[in-house]
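Undergrad: following is a predicted model, sequence given first.
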Amino acid sequence: MKSRSLALIPVAAVLVAACSSSGATPSAPASEPSASPAATSPAAATRIDVSLTDALRIEPSSMTVPAGVPVTFVVTNTGSVEHEFSLGDEEAQAEFEAEMQAGAMRHDEPEGISVAPGETKELTYTFAEPGETLAGCHVLGHYGGGMKATITITE
């Protein structure tokens, strides 16, 4: 009985090694050339650092993101006044602007966040299809002063 148990140890070791994966996705077959993950994986482009400035700028002023992949914007207010980071097309931006002009305060929502001076917040959003949209700040006078950025969504 002891010799049969010893014979199973190598088999068990192979099975354990084959089945353990530490949560990683399978790698490409060895016969295919391997590229860096940043060059091929849409997930590699899912974090974008954004600065909101008192010069009424969103930096970077243009961004490119993949469609259908969650994108996390890491938004830092480098200024001394509150700013917003709101995602949406021209129509949505006009609605946000009208709300702010009417005195409505926006709070954190799926498509936008308010960011206090010196604060950093994250907004994760999935763009459904390719095209172009905007990010804007609608604190009174900011959007009209040019505080917006263009976001290009690729396939």
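TA: Ah, there it is.
Undergrad: now for G79: which residues touch it?
TA: L52, T53, D54, P117 (Cβ atoms under 8 Å, 6 or more residues apart in numbering). For every residue, glycine as well, the C-beta is placed using N, CA and C.
Undergrad: mind redoing it with 6 Å?
TA: Each residue near G79 by Cβ atoms under 6 Å, 6 or more residues apart in numbering is listed here: T53, D54, P117.
Undergrad: can you say which of those residues are buried?
TA: By neighbour count, with 16 or more other Cβ atoms under 10 Å, these hold no buried member.
Undergrad: among those, which are in helices?
TA: Nothing among these maps onto helices, per DSSP state H.
Undergrad: now render those residues as a markdown table, adding pLDDT and distance to Y125.
TA: Output for those, formatted as a markdown table (pLDDT from 0 to 100; distance: Cβ to Cβ, whole Å):
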| residue | pLDDT | distance to Y125 |
| --- | --- | --- |
| T53 | 98 | 21 |
| D54 | 97 | 25 |
| P117 | 98 | 23 |
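Undergrad: my guess is L87 contacts P110. True?
TA: No - contact criterion Cβ atoms under 6 Å: L87 and P110 do not qualify, at 8.9 Å.
Undergrad: how about H138, phi and psi?
TA: Dihedral angles phi and psi of H138 (degrees, to the nearest 10) take the values phi -110, psi 20.
Undergrad: over to A94?
TA: Per degrees, to the nearest 10, the backbone of A94 is at phi -60, psi -40.
Undergrad: number of residues surrounding it?
TA: Here the number of neighbours of A94 (other Cβ atoms under 10 Å) works out to 13.
Undergrad: equivalent analysis for the one 5 residues further on, please.
TA: Burial of E99, expressed as a neighbour count using other Cβ under 10 Å, amounts to 13.
Undergrad: what separates it from S86, distance-wise?
TA: Distance, E99 to S86, using Cβ to Cβ, to the nearest Å: 10 Å.
Undergrad: G146 - how many residues pack around it?
TA: Per other Cβ under 10 Å, the neighbour tally for G146 reads 13.
Undergrad: oops, could you answer that again for A92 instead?
TA: With other Cβ under 10 Å as criterion, A92 counts 16.
Undergrad: got a pLDDT number for it?
TA: For A92, the model assigns a pLDDT of 95.
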